[in-house]
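[1] here are the coordinates; sequence isn't available:
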C-alpha cells in the first residue's frame with residue numbers, strides 16, 4: 001500500500017478530516033494534499049510526528065512504498081554531497097581568512113610577484129563564502145542580531161589593526177584604501193561565518 005493510501009486509511013480510522021490532520025501536525029492542508037497526490041513527501045522529522053499521531057511504526061508507514069523509499073535514499077545522498085561541499089568551503093574560508101590577515105604582518109606576502117596568487121585566493125574565498133552561506137541552515141541560528149554584531153566588531157578591529165596610514169590622497173592612494181577596506185570586510189565575513197557556522201561544520205564533518 002502506498003504512503004498516501006495509508007495516510008487516508010489512518011485518517012478515516014480516526015474519523016479526521018485533512019484539515020484536522022493538518023492542524024495536529026502544524027502544517028497546511030495544501031501540504032497534506034501534496035503528499036496525497038505524490039507530488040512531495042514528508043521529511044524524516046515529519047514522519048516521526050505522523051508515526052506518533054497515528055500510533056504506528058515508521059516501518060509500517062514506509063513499507064511497500066518503494067518510490068518513497070527511493071526518494072529518501074536519493075535525498076540522503078544529496079545531503080551527503082552538500083555536507084562534503086560545506087566542509088570543504090569551511091576549510092577554504094578559514095585558510096583564506098588567515099592568509100589575508102597575515103599579509104599586512106608578513107612583508108614578503110606583499111611582494112608584487114605574489115599579486116596574482118592573492119587574486120586567485122580572493123576569488124576562491126569569495127566563491128567558497130557564497131557557497132558556505134547558501135548551504136548553511138540559518139534557521140538553526142536564532143540570534144541573527146548576534147551575527148551582525150560579530151561582523152561589525154571584527155570589521156572595526158580589522159580596520160583598526162591593518163588600515164593603511166600615511167597613504168597619499170590621490171587616485172592611487174584612494175584605490176589602495178578601497179582595496180584595504182574591501183579586504184577588511186571580506187576577512188570579517190569569513191571570520192564571522194567561521195564562528196557562527198562552526199556547530200554546523202562540526203556536525204556535518206562528523
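    Great, that's in hand. Quantities reported herein were computed from a predicted structural model and do not represent experimental measurements.
[2] mind checking what secondary structure the residue nearest to residue 1 when sequence neighbours are not counted has?
    Spatial nearest neighbour of residue 1, excluding adjacent residues (C-beta to C-beta, 6 or more residues apart in numbering): residue 64 at 5.6 Å. (Glycine included, C-beta is placed from N, CA and C.) Secondary structure of residue 64, reduced to three states by DSSP: H, G, I helix; E, B strand; the rest coil: coil.
[3] residue 64: how many residues sit nearby?
    Residue 64 has 12 neighbouring residues, counting by other C-beta atoms under 10 Å.
[4] tell me the mean pLDDT over stretch 159-167?
    Averaged across stretch 159-167, pLDDT comes to 64.
[5] please apply the same query to stretch 87-95.
    Mean predicted lDDT for stretch 87-95 stands at 90.
[6] state the pLDDT value of the residue nearest to residue 1.
    pLDDT, residue 64: 75.
[7] ok, residue 179 next?
    pLDDT at residue 179 comes out at 69.
[8] for the residue nearest to residue 1, give me phi and psi.
    Residue 64 adopts backbone torsions of phi 80, psi -20, taken as degrees, to the nearest 10.
[9] so it is in contact with residue 5, correct?
    No: using C-beta atoms under 8 Å, residue 64 is not in contact with residue 5; the gap is 9.6 Å.
[10] flag the shaky bits of this structure, pLDDT-wise.
    103-112, 114, 162-177, 179 (pLDDT under 70).
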